[in-house]
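> Quick check, what structure comes out for this input:
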Amino acid sequence: MARVAREVVQKAGVDLDKLLDMLIRNASAELTTYYYYTILRVNLIGLEGEGLKEITEDARIEDRNHFEALVPRIYELGGKLPDSMNQFHDISACPPANLPKDPANIRAMLEVLVRAERCAIGGYNAVCNMTFGKDHRTYDLALAILHEEIEHEAWFSEFIGEGPSGHFRRQGTGFERNSPYLRKFLHD
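Numbering: from 1, shown residues only. Have a look, this model is predicted:
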């Protein structure tokens, strides 16, 4: 499988090494963000924090889903994840979404969340630009993730007060609510 997928993508004019590097770095960003969002979510307490828990949890679960969907494509294209989790963390396309020094400062927490989402949007936009019209499978995957990252950014930026985004709370519970754009790439 990897040989055919690689040949098709290379014949279409995509720099496969660069694409794999971007996909692996984005996969790292997704897994590390899942980890950091876990810490952020646990610290969302009090009257203001409770209002953010649900959307932070949705973004956290979807980031894990993004990682899970990226890994098969990386391997289909002949790539692989680093053997060391430390190395994998350190090549992340985005900086760590660390807990602010004052975790009770909800504004600071939101700024961490928005910054993480904006970085992810840039990463997937770059993958889409590289693969558009050339690597349909990777493009479709990156576009699905991009849609979800844009929603995450919209949710958090509304809380900061940057204005209405036009996005609404997703309906349903659990899996039926998470990753509506990416769902077709996930396997139970």
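> Kindly state the pLDDT recorded for Asn86?
Asn86 is assigned a pLDDT of 97 by the prediction.
> Need the three-state assignment for it.
Following DSSP: H, G, I helix; E, B strand; the rest coil, Asn86 is assigned to helix.
> how much space between it and Ser28?
Asn86 sits 11 Å away from Ser28 when distances are taken as CB to CB, to the nearest Å. Where you see a C-beta, it was placed from the backbone N, CA and C, and this is true even at glycine.
> and what of Arg118?
Using CB to CB, Arg118 is found at 17 Å from Ser28.
> Who has more neighbours out of these two?
Legend: neighbour count by other CB atoms under 10 Å for Arg118 and Ser28, higher for Ser28 (23 against 17).
> isn't Phe156 right next to Glu117, touching?
Yes. If you go by CB atoms under 8 Å, Phe156 and Glu117 touch, sitting 6.2 Å apart.
> check contacts around Val8.
With CB atoms under 8 Å, 6 or more residues apart in numbering as the criterion, the residues that contact Val8 are Asp135.
> now swap in the one 10 residues further on and tell me
Applying CB under 8 Å, 6+ apart to Lys18 gives the contacts Met130.
> got a pLDDT number for it?
For Lys18, the model assigns a pLDDT of 98.
> Now name the helix or strand holding it.
If you go by DSSP states H and E, Lys18 is part of helix 16-42.
> How about Ala142, nearest residue that isn't a chain neighbour?
If you skip the residues right next to it in sequence, Ala142 has Val127 as its closest partner in space, 4.0 Å away by CB to CB, 6 or more residues apart in numbering.
> Please read the previous query as pertaining to Phe185.
Ala69 (4.1 Å).
> any idea which helix or strand of the chain has the worst average confidence?
Taking all helices and strands of the chain together, the one with the lowest average confidence (mean pLDDT, DSSP states H and E) is helix 2-11, at a mean of 89.
> contacting residues for the residue nearest to Glu117 when sequence neighbours are not counted?
Leaving out its chain neighbours, the residue that sits closest to Glu117 by CB to CB, 6+ apart is Glu153, at 3.7 Å. With CB under 8 Å, 6+ apart as the criterion, the residues that contact Glu153 are Val114, Glu117, Arg118, Ile121.
> what sits against Ser92?
For Ser92, the residues meeting the contact criterion (CB under 8 Å, 6+ apart) are Arg25, Ser28, Ala29, Thr32.
> Skipping adjacent residues, who's closest to it in space?
Nearest non-adjacent residue to Ser92, counting by CB to CB, 6+ apart: Ser28, 4.2 Å away.
> State which helix of this structure is the longest.
The single longest helix within the chain, with elements called by DSSP state H, is helix 46-76.
> May I see the buried residues of the helix or strand containing Asp140?
Taking DSSP H and E as the criterion, the element that holds Asp140 is helix 136-160. For helix 136-160, the buried set under the neighbour-count rule, 16 or more other CB atoms under 10 Å, comprises 138-146, 148-159.
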